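**Student:** Coordinates for the following, if possible.
(4 chains)
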Number of protein chains: 2
Amino acid sequence: MDTIPKQTLMRLPNYYNFIKGLQNSGIRNISSPAIAKELNLNEVQVRKDLAAVSQIGGKPKMGFDIGELLNSLEHCLGYDNVNDAVLVGAGQLGRALLTYKGFETYGMRIIAAFDTDEGIIGTEISGKRVFPADSLFDLCPRLKVHIGIITVQDSCAQGVCDKLVKSGILAVWNFAPVHLTVPDHILVRNENMAVSLAVLSKHLKEKMISGDVPEGEV
Amino acid sequence: MDTIPKQTLMRLPNYYNFIKGLQNSGIRNISSPAIAKELNLNEVQVRKDLAAVSQIGGKPKMGFDIGELLNSLEHCLGYDNVNDAVLVGAGQLGRALLTYKGFETYGMRIIAAFDTDEGIIGTEISGKRVFPADSLFDLCPRLKVHIGIITVQDSCAQGVCDKLVKSGILAVWNFAPVHLTVPDHILVRNENMAVSLAVLSKHLKEKMISGDVPEGEV
DNA sequence: ATTTTATCAGTAAAAAAATATTGATTGGAG
DNA sequence: CTCCAATCAATATTTTTTTACTGATAAAAT
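**Tutor:** Below you'll find the predicted structure:
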């Protein structure tokens, strides 16, 4: 497979979730029109997206083999490699992530947490030990971790980010709603909860204006 | 302003975060090349994006006025309307969202939570009351809420979603890693934490293969 | 066995987005 | 006051992505 289009890559998780669900229902095959309908996409687009990842192809009248498809998607999304991450900021959100079961399904693992609060340093959350923030420099290289998750307060985020970078982290998943300045070779993914919700709301509003709400209650 | 391109809309939050940060530092103007550099975008693209939302424009040698820009972005993203949402599933993640301070900055508010666990029904989390799941039907219409947040276990997600739809919800923010089937007029936004992390990891791996890691430690 | 229908794959066309180019405008330097 | 460098705006070009079309294939129906 040569380079997959960016937009396609962004749709892949949707395909994966949907198809995974089908598998659990015991279904063995699925056609692109069927996928397209459920995911509100174009039938041809679905076929092309799938072709870009799977190269085995589907059969007329039968569609694609679900098992095959999932394998291809997993491989393409890199779910089949184990990957470790560390988390900084064991507050409410940090704890939620530490407790979150879903990661393992996708081969991801948060192996340790860091915080400055003396009260929680040394405790365990969902089996993961909480270390003092300063031990980042020491532990990250030793554990060969390359992904850092930032769930600290806005005001500390840049400082924590700098520390992570110094510790050899290469990718950052940032939950603080601030812009992080990083060296060029560092990958940053911003997860701004508030923005996500606001954007959803914005979309809803647009939809309501363009007028396809059923009942008269707005 | 006529219809803003989808891709532009997706970049808007990044601009907003970055520029907001500048404002807090007391800076008054910013040029598109400067923004482009920081956000790793094309200078012209930034200018076009900003033109699509602001229509006031910038001045040569000075760039854009930050206050003006923020107003336009806020308006465009709908941050200036108060919007209410309800949350179903007061588990670890649900509680994290209920506690999350960031929403109010963007005019969003979670006004109530729902759960089936007798132990937490009736309690308050961060000032929000937890109601029994069945009262959704009653409360949602009364509160005129149109956004529902799903933070329940995978197996319950579809059921909860159906209930929300029945209660008059129009948009769903789904944190369960499953595909939700909904009527056409319902907007679904999937937030799959595990996938997000996996995708970040995937990107990192690609970057490492294409070979621009500085030190020899991989 | 032949026809029908659903579906796939590959190519072509259209649309959308990103990038490059050119000329205009403005604040400051000489 | 004139020139220069920075930056904007508008138009043009290229690239990417989406959609449309055509013919092929295979299961099911006649």
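**Student:** Other residues contacting the longest strand that chain A contains?
**Tutor:** In chain A, assigned by DSSP state E, the strand with the most residues is strand A:108-115. By Cβ atoms under 8 Å, 6 or more residues apart in numbering or on different chains, the list of residues contacting strand A:108-115 from outside reads A:82-91, A:94, A:97-98, A:103, A:121, A:125, A:128-133, A:135-136, A:139, A:143, A:145, A:149, B:194, B:197-198, B:201. Yep, even glycine has a C-beta here, placed from its N, CA and C like the rest.
**Student:** One more pass at 6 Å, please.
**Tutor:** A:83-88, A:90, A:98, A:128-131, A:133, A:136, B:197-198 (Cβ atoms under 6 Å, 6 or more residues apart in numbering or on different chains).
**Student:** same question, stretch A:87-98
**Tutor:** With Cβ under 6 Å, 6+ apart, stretch A:87-98 has contacts from A:110, A:113-115, A:120, A:125-126, A:128, A:130, A:149-152, A:160, B:92-93, B:96, B:99.
**Student:** Now intersect these with the helices, please.
**Tutor:** A:160, B:92-93, B:96, B:99 (DSSP state H).
**Student:** of all the residues you listed, which comes closest to B:Asn24?
**Tutor:** A:Val160 (17.7 Å; Cβ to Cβ).
**Student:** quick one on the thing from earlier: let's have the ones in helices among the contacts of stretch A:87-98 in JSON lines, adding distance to DNA strand C and pLDDT.
**Tutor:** Below are the ones in helices among the contacts of stretch A:87-98 laid out as JSON lines (distance: Cβ to the nearest atom of the strand, whole Å; pLDDT from 0 to 100):
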{"residue": "A:Val160", "distance to DNA strand C": "30", "pLDDT": "98"}
{"residue": "B:Gln92", "distance to DNA strand C": "36", "pLDDT": "95"}
{"residue": "B:Leu93", "distance to DNA strand C": "31", "pLDDT": "96"}
{"residue": "B:Ala96", "distance to DNA strand C": "32", "pLDDT": "96"}
{"residue": "B:Thr99", "distance to DNA strand C": "35", "pLDDT": "95"}
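**Student:** Tabulate these in JSON lines, adding columns for neighbour count.
**Tutor:** Listed next are the ones in helices among the contacts of stretch A:87-98 as JSON lines, based on neighbours: other Cβ atoms under 10 Å in any protein chain shown:
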{"residue": "A:Val160", "neighbour count": "24"}
{"residue": "B:Gln92", "neighbour count": "19"}
{"residue": "B:Leu93", "neighbour count": "25"}
{"residue": "B:Ala96", "neighbour count": "24"}
{"residue": "B:Thr99", "neighbour count": "16"}
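**Student:** measure A:Ser126 to DNA strand C for me?
**Tutor:** Relative to DNA strand C, A:Ser126 is positioned 39 Å away (criterion: Cβ to the nearest atom of the strand, to the nearest Å).
**Student:** cool, A:Ile110 as well?
**Tutor:** Going from A:Ile110 to DNA strand C by Cβ to the nearest atom of the strand gives 32 Å.
**Student:** Same question for A:Asn71.
**Tutor:** The value you get for A:Asn71 to DNA strand C, if Cβ to the nearest atom of the strand is used, is 15 Å.
**Student:** Mind telling me what element the residue lying closest to A:Tyr16 once chain neighbours are set aside is part of?
**Tutor:** The spatially closest residue to A:Tyr16, leaving aside those adjacent along the chain, is A:Leu73, at 4.7 Å (Cβ to Cβ, 6 or more residues apart in numbering or on different chains). A:Leu73 belongs to helix A:66-77 when elements are defined using DSSP states H and E.
**Student:** same for that helix, what does it pack against?
**Tutor:** helix A:6-24, helix A:43-54 (3 or more Cβ pairs under 6 Å, 6 or more residues apart in numbering or on different chains; DSSP states H and E).
**Student:** Tell me which of those helices lies nearest to B:Phe18.
**Tutor:** helix A:6-24 (21.3 Å).
**Student:** which parts of chain A sit against DNA strand C?
**Tutor:** Chain A comes close to DNA strand C at residues A:31-34, A:43-44, A:47-48, A:50-51, A:57-64, as judged by Cβ under 7 Å from any atom of the strand.
**Student:** now those residues: which count as buried?
**Tutor:** A:31-32, A:34, A:47, A:50-51, A:58, A:63-64 (16 or more other Cβ atoms under 10 Å in any protein chain shown).
**Student:** Please identify which pair of those residues lies farthest apart.
**Tutor:** A:Ala34 and A:Ala51 (16.3 Å).
**Student:** No further queries at this time; thank you.
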